[in-house]
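need coordinates for the below:
(chains A, B, C and D)
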There are 2 protein chains.
Amino acid sequence: MKTREEIRGFFKAKQVPLTHQRLAVYEELAGRKDHPSAEALYESLKQNYPSLSLATVYKTLQTLHDMGMVSRVPSPISQARYDACMAVHHHAVCVSCGKIVDVFDPRLDSVAVPSLPGFKVSGHSVHFQGRCARCGKADRSKTN
Amino acid sequence: MKTREEIRGFFKAKQVPLTHQRLAVYEELAGRKDHPSAEALYESLKQNYPSLSLATVYKTLQTLHDMGMVSRVPSPISQARYDACMAVHHHAVCVSCGKIVDVFDPRLDSVAVPSLPGFKVSGHSVHFQGRCARCGKADRSKTN
DNA sequence: TTACTAACGGATAATTATTATCTACCAAGG
DNA sequence: CCTTGGTAGATAATAATTATCCGTTAGTAA
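Numbers count the residues shown, from 1 in each chain, chains lettered A, B, ... in the order given. This next block holds a predicted model:
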């Protein structure tokens, strides 16, 4: 948990103006451990900031993400992606174009199962991020 | 890759009617290895099945998923979820209510990096699926 | 084959999540 | 303070997905 001065320092370092809304969104998110969605943050925040707009929450989360102050729980580019292969396997997702490739590697099929009180683990998969061959070369691609 | 008779057998076993559309969607998906979205499947399929509806593709993918014939690339319940914690960590997602809990376990922080020709891996995270304490007991919960 | 019926498919409206647009306003530096 | 570029709020627009409605079809039995 960062102090307000540390937060201010982060914004200064990145040359991003620190507004009341950004501070509020960040502190609300940092004070929670349930990985809220933009909507969920908005619901909490508007009690103390009735004039806050949901769009601001979205924009602020994007800004904080660009600054490297918050992370998104990894997921494929906004669309559900399907696979007819039901065997245990893993995925590598290109952060640039969203391309997904299968990863078959038995070394990944059994990992240390952490102790999560009350949580019954039924499976796992490893999600690699990176850049595919095409996006690695020619940056700025958006085609899958 | 399943034969048509095997596919027919699967549907019979689950007592789910096998329609032309379902067969077409399944075979198209099984014939691809790029994890297409519903939209992408629709684009391919409508060349051979001009009357096919996008809604049918969505419904069919849901049906196939319920039957255990196709898998979805794991992701958090349709909404982006955020986290102020920037340290390396992993996640466990409740398949019933979507609750996400952090997993800190240094044993997961370094995994075997598979050889993916051309793909530059910049990071990874392990995604556990299961049922949280609440959903493990009282089934049928939808509240996070 | 034919007939029956529950379930399905297609068209489209509705919903949900997110992003873009536009104007007034505020944060940071002089 | 005062200027100015970036920002916040309101709202429209877009994208992804799901629901609804009704004619049609798959599966079964006669």
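
the helix or strand bottoming out on mean pLDDT in chain A vs chain B: in contact?
Ranking every helix and strand in chain A by mean pLDDT, DSSP states H and E puts helix A:133-137 at the bottom, with a mean of 83. Yes: with Cβ under 8 Å from any Cβ of the partner chain as the measure, helix A:133-137 is seen reaching chain B through A:133, A:136. Every residue, glycine included, has its C-beta placed from N, CA and C.

do the same with stretch A:48-57
No: judged by Cβ under 8 Å from any Cβ, stretch A:48-57 makes no contact with chain B; its nearest approach is 9.9 Å.

next one: stretch A:19-35
Yes: using Cβ under 8 Å from any Cβ, stretch A:19-35 reaches chain B at A:26, A:29, A:30, A:33, A:34, A:35.

ok, of the residues you listed, which come out buried?
Neighbour counting by 16 or more other Cβ atoms under 10 Å in any protein chain shown classes A:26, A:29, A:30, A:35 among the residues of stretch A:19-35 next to chain B as buried.

residue A:54 against residue A:41, yeah?
No: using Cβ atoms under 8 Å, residue A:54 and residue A:41 do not qualify as a contacting pair, with a distance of 9.3 Å.

so what's the residue lying closest to residue A:123 once chain neighbours are set aside bridging to?
Of all residues beyond its chain neighbours, the one nearest residue A:123 is residue B:129 (4.8 Å), with distances taken as Cβ to Cβ, 6 or more residues apart in numbering or on different chains. Note on residue B:129: beta-bridge partners residue A:123, residue B:93, judged by DSSP bridges.

would you confirm that residue B:129 contacts residue A:116?
No: the pair residue B:129 / residue A:116 is not scored as a contact, 11.8 Å apart, by Cβ under 8 Å.

next one: the residue nearest the centre of chain A from residue A:30, what distance?
Residue closest to the mean C-alpha point of chain A, counted by Cα atoms, centre = their mean, is residue A:72 at 0.8 Å. Counting by Cβ to Cβ, to the nearest Å, the gap from residue A:72 to residue A:30 is 15 Å.

about what we covered before: run through the bridge partners of the residue nearest to the centre of chain A.
residue B:82.

what sits against it?
Counting by Cβ atoms under 8 Å, 6 or more residues apart in numbering or on different chains, residue A:72 touches A:65, B:80, B:81, B:82, B:83.

and the least confident helix or strand of chain A, how far out from the chain's middle?
Here helix A:133-137 is found 22 Å from its chain centre; the criterion is Cα atoms, centre = their mean, to the nearest Å.

contacts for that helix, please.
A:94, A:96, A:97, A:99, A:141, B:117, B:118, B:119, B:120.

surely residue A:25 is within a strand?
No: using DSSP: H, G, I helix; E, B strand; the rest coil, the assignment for residue A:25 is helix, not a strand.

next up, the contacts around it.
Shown in contact with residue A:25 (Cβ under 8 Å, 6+ apart): A:41, A:45, A:56, A:57, A:60, A:61, A:64.

can you go through those residues and name the buried ones?
The buried subset of these - by 16+ other Cβ under 10 Å - is A:41, A:45, A:56, A:57, A:60, A:61, A:64.
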